[in-house]
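>>> Requesting a structural model of the entry that follows:
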Amino acid sequence: MPRILMAALLLAAALLQPAAAGTNPPAVVRAEYLLSLNGAQAAVMQESFEVREGGYRAVSETHAVGLFALVQPRPGHVSSSGEVDDRGLRPRSYEAVRGGRDERRAQAEFDWSARTLTLRHDGRSESVTLPPGAQDRLSAMYQFLFLDPQRLRELAFAMTNGRKLDHYRYAVGPDTAIDTPLGRFEVVHLVRQRQPGETANEIWLARDHRLMPVKMRIVEDDGTRYEQIISRLDMR
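Reported below is the predicted structural model:
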């Protein structure tokens with residue numbers, strides 16, 4: 001079940017506007033998400049995010065549940081670390097792996113001074129040009145905490161999963177409200193502006209919780225639907 005982890009981390013990155021001057025994003029976040037595949041619960045994701053002394057570290061652990069655990073018994077581990085500046089997160093390193101000897105381990109190294117992104121996967125290494133504001137698939141989630149909701153109109157992004165660098169664009173829909181295991185949230189709704197053949201993607205950001213993502217949905221061309229919804233949240 002390797003696609004569950006991929007679906008959980010497919011989020012926006014490289015946000016256009018930083019947080020307004022004088023705001024203070026949380027220094028610590030602990031979150032848990034329930035992941036489903038075509039309506040059936042498939043996994044639980046537990047995450048931590050911390051900012052300390054000008055840097056950050058984020059860690060995500062995904063554990064399959066039920067019958068899905070028979071197919072994918074090894075947990076997925078994703079980590080991202082880097083610096084924090086006036087525009088938010090500036091990743092330095094990213095890694096996605098299942099188990100200690102995972103042959104599909106993927107890594108990304110961000111060299112901002114040389115404007116180079118180095119991708120390592122499947123025994124290969126390649127370098128591509130690093131766009132300004134690029135994120136990885138884990139730092140992207142927490143970059144939302146540094147966004148000014150009053151200036152949120154459209155998002156453009158560059159994002160890597162350690163295997164490739166993709167470019168995305170999201171439109172901002174009307175505010176709405178959604179129900180979650182934690183209760184009802186007033187949210188900002190993002191919808192991916194996609195080309196034929198690309199996956200559909202929606203993200204819901206909690207307006208009263210620093211635009212923390214509380215729900216994500218991916219629908220592939222064949223109709224396969226992945227959803228990720230918040231089940232625990234501690235921000236301080």
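>>> Correct me if wrong: residue 174 contacts residue 190.
No. Using Cβ atoms under 8 Å, residue 174 makes no contact with residue 190, being 11.6 Å away. The C-beta positions use only the backbone N, C-alpha and C, and glycine is treated the same way.
>>> Those two - which one has more neighbours?
Of the pair residue 174 and residue 190, residue 190 is the one with more neighbours under other Cβ atoms under 10 Å, namely 24 against 6.
>>> my guess is the more buried one contacts residue 211, does it?
No. Residue 190 lies out of contact with residue 211 (Cβ under 8 Å); the separation is 9.9 Å.
>>> who touches both of these two?
residue 205 (Cβ atoms under 8 Å, 6 or more residues apart in numbering).
>>> now the helices for this structure?
Remark: helices assigned in the chain by DSSP state H are 2-9, 68-71, 139-143.
>>> The ones you listed: lowest mean pLDDT?
Mean pLDDT is lowest for helix 2-9 among the helices of the chain, at a mean of 42.
>>> Now do residue 103: how many residues are near it, please.
10.
>>> Skipping its backbone neighbours, what lies nearest it in space?
Spatial nearest neighbour of residue 103, excluding adjacent residues (Cβ to Cβ, 6 or more residues apart in numbering): residue 122 at 7.4 Å.
>>> what's around the one you found, how many residues?
Residue 122: 10 neighbours (other Cβ under 10 Å).
>>> my guess is it contacts residue 104, does it?
Yes. At 7.1 Å, residue 122 counts as touching residue 104 under the criterion of Cβ under 8 Å.
>>> count of neighbours near residue 148?
Neighbour tally, residue 148, other Cβ under 10 Å: 15.
>>> low-scoring stretches of this structure, by residue?
1-23, 100-101 (pLDDT under 70).
>>> Can you mark which positions in the longest strand anywhere in it are buried?
Secondary structure of the chain read by DSSP state E shows that its longest strand is strand 40-52. Buried residues in strand 40-52, counted by 16 or more other Cβ atoms under 10 Å: 42, 43, 44, 45, 46, 47, 49, 50, 51.
>>> try stretch 91-109
For stretch 91-109, by 16+ other Cβ under 10 Å, it's 91-98, 105-109.
>>> again, but for stretch 55-65
56, 58, 60, 62, 63, 64.
>>> Work out the gap between that stretch and the centre of the chain.
10 Å (Cα atoms, centre = their mean, to the nearest Å).
>>> With stretch 58-67 instead?
That offset, for stretch 58-67, works out to 14 Å (Cα atoms, centre = their mean).
>>> what are the phi and psi angles of residue 174?
The phi and psi values for residue 174, taken as degrees, to the nearest 10, are phi -60, psi 150.
>>> list the contacts for it?
Contacts of residue 174 (Cβ under 8 Å, 6+ apart): residue 189.
>>> how much space between the residue nearest to residue 95 when sequence neighbours are not counted and residue 122?
Spatially, and ignoring its direct neighbours in sequence, residue 95 is nearest to residue 107 (4.9 Å; Cβ to Cβ, 6+ apart). In this view, residue 107 and residue 122 are 11 Å apart by Cβ to Cβ, to the nearest Å.
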